[in-house]
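Visitor: Take a look and give me a structure for this.
(one chain, ligands or ions: 2)
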Amino acid sequence: MRVAILGAGAIAYGNAALMCQNGHDVILWSPSGRRTAAIATGAPLHSSGAVSGSYHPRIATSCADALAEAEAVVIAVPGYGHRFIIESAAPHVRDDQVIVFSSHLSFAALYLNQLLGERGIAVPIATLATTVTTGRQTSLDTVYVGAIRALLDVAVIPKESTARGIEVCRTLFGDRFQQQTGLLAISLSNLNPQNHLAIALCNLTRMELGEKWGQNENITPAVARFIEALDLERLAIAHAFGLNVRTVQEHFRLSNDVPLGTLHEMVQHRMQRPGPFGPTSLDSRYVTEDMPFGLAPTISIAHIAGVKVPLHESGLCLMSALYGRDFAAENDILPSLGRLTREMLAELG
Ligand SMILES: NC(=O)C1=CN([C@@H]2O[C@H](COP(=O)(O)OP(=O)(O)OC[C@H]3O[C@@H](n4cnc5c(N)ncnc54)[C@H](OP(=O)(O)O)[C@@H]3O)[C@@H](O)[C@H]2O)C=CC1
Ligand SMILES: CC(C)(CO)C(=O)C(=O)O
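Guide: Ligands and ions are numbered 1, 2, ... in the order given. Okay, the predicted model is just below:
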């Protein structure tokens, strides 16, 4: 399949390596052009870890160029890049294409659907609760793929295009997708915001001082308790809408192939294998993406549902104070969607 990847970071490169390995024709677009500079001159993309090999994805010079021949389009940038990517792509999307958000946050798919609607077209938009690959970009032409997740949740809008959206995900990435009820369930199934709040808040001075620290080693019993307490709030929101979403322990089992237990027990199992390292700067998407585009919308959903989420609210407040920023105000997707109501959210499922 001809597939365009909008983004050129850890997930874009990991996905590109996996899809090239699966025989797909991949074209990458780096919004600034900087990250793909080496590959554009002919250097191969070297991947190590769970995907190992050297590949030659094509490089697009513009978003329009990336989309021109694509049958599928994967959006793989942090939430703070979604608005730019959506607005760059929307004028060029064709009605025979399928879009995949890897991963989806903050109802970004609704914004894309809205812009396409203004052009009179609708395409399947598959939203993934997390990413197929994990990993880190280690240089401009190298990526380390930590894992390929065994199973992940997907929902497609418009709902009537679900079968086509999931079919394309399976063609690109393999048979590893489980259909969720809808976009609300997917929004409540992305666990990075809560996990990263706990990991970053409890290790913030390590980040600020640029220390090298193992992420799992620092999910101590106290940090794991905090993550599990945050998880109970998230599950209560889902429950208020009658939705069934995975627990953090189930998510950790699927992502890391370890037996179910308490989160701390599971992290201990995971530590038998190396990596990943925690962020080494305050300028980390664990905070700058996950607070505005993960925690803030989740709190809004909780308010609409009438569910109390004191840990989410305190976390967002503390992080905003620590950074001297108003993270809730940094979300540039929600204001374009109008007022979300309980009925609209319930309809999304
Ligand atoms: N890495 C991982 O293991 C995991 C990642 N995820 C999620 O996957 C998504 C992608 O993550 P990852 O690839 O690691 O992130 P990266 O930080 O590596 O992504 C970098 C890419 O995002 C682009 N980008 C950054 N800021 C902007 C912006 N303001 N406007 C437009 N583009 C921008 C960069 O553009 P340019 O090329 O111009 O520099 C680059 O192409 C995130 O939502 C993340 O939370 C989820 C689970 C695991
Ligand atoms: C490292 C990992 C897989 C767990 O926190 C991750 O989710 C991320 O990098 O965003």
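
Visitor: From here on, just use CA atoms for contacts and neighbour counts.
Guide: Will do.

Visitor: Please name the residues that touch the residue nearest to the spatial centre of the chain.
Guide: The chain has residue 103 as the residue nearest its centroid, 2.6 Å off, counting by CA atoms, centre = their mean. Taking CA atoms under 8 Å, 6 or more residues apart in numbering, we find residue 103 in contact with 75, 76, 127, 128, 129, 130, 131.

Visitor: who does residue 45 bridge with?
Guide: residue 55 (DSSP bridges).

Visitor: which ones are touching it?
Guide: Taking CA under 8 Å, 6+ apart, one finds 13, 17, 39, 54, 55, 56, 57, 141, 142, 143 in contact with residue 45.

Visitor: Which of these sits closest to ligand 1?
Guide: residue 13 (7.6 Å; CA to the nearest ligand atom).

Visitor: Please enumerate the strands of the protein.
Guide: 2-6, 25-29, 45-49, 53-55, 58-59, 72-75, 98-101, 125-128, 133-139, 142-148, 152-157, 177-179 (DSSP state E).

Visitor: For the longest helix belonging to the chain, which helices and strands make contact with it?
Guide: In the chain, taking DSSP state H as the definition, the longest helix is helix 221-240. Helix 221-240 is packed against helix 192-201, helix 263-270, helix 296-305, helix 310-323, with contacts defined by 3 or more CA pairs under 8 Å, 6 or more residues apart in numbering; DSSP states H and E.

Visitor: out of the contacts of residue 103, which is most surrounded?
Guide: The most crowded member of the contacts of residue 103, judged by other CA atoms under 10 Å, is residue 127 (30 neighbours).

Visitor: That residue pairs with what?
Guide: Beta-bridge partners, per DSSP bridges, of residue 127: residue 101, residue 155.

Visitor: mind checking how far it is from ligand 1?
Guide: Note on residue 127: its distance to ligand 1, by CA to the nearest ligand atom, to the nearest Å, is 12 Å.

Visitor: One more: residue 67?
Guide: From residue 67 to ligand 1 the distance is 16 Å (CA to the nearest ligand atom).

Visitor: for residue 6, same thing?
Guide: Counting by CA to the nearest ligand atom, the gap from residue 6 to ligand 1 is 7 Å.

Visitor: for residue 133, same thing?
Guide: 7 Å.

Visitor: Run through the residues that contact the residue nearest to that residue when sequence neighbours are not counted.
Guide: Closest residue to residue 133 apart from its sequence neighbours, by CA to CA, 6 or more residues apart in numbering: residue 148 at 4.5 Å. Shown in contact with residue 148 (CA under 8 Å, 6+ apart): 50, 132, 133, 134, 255.
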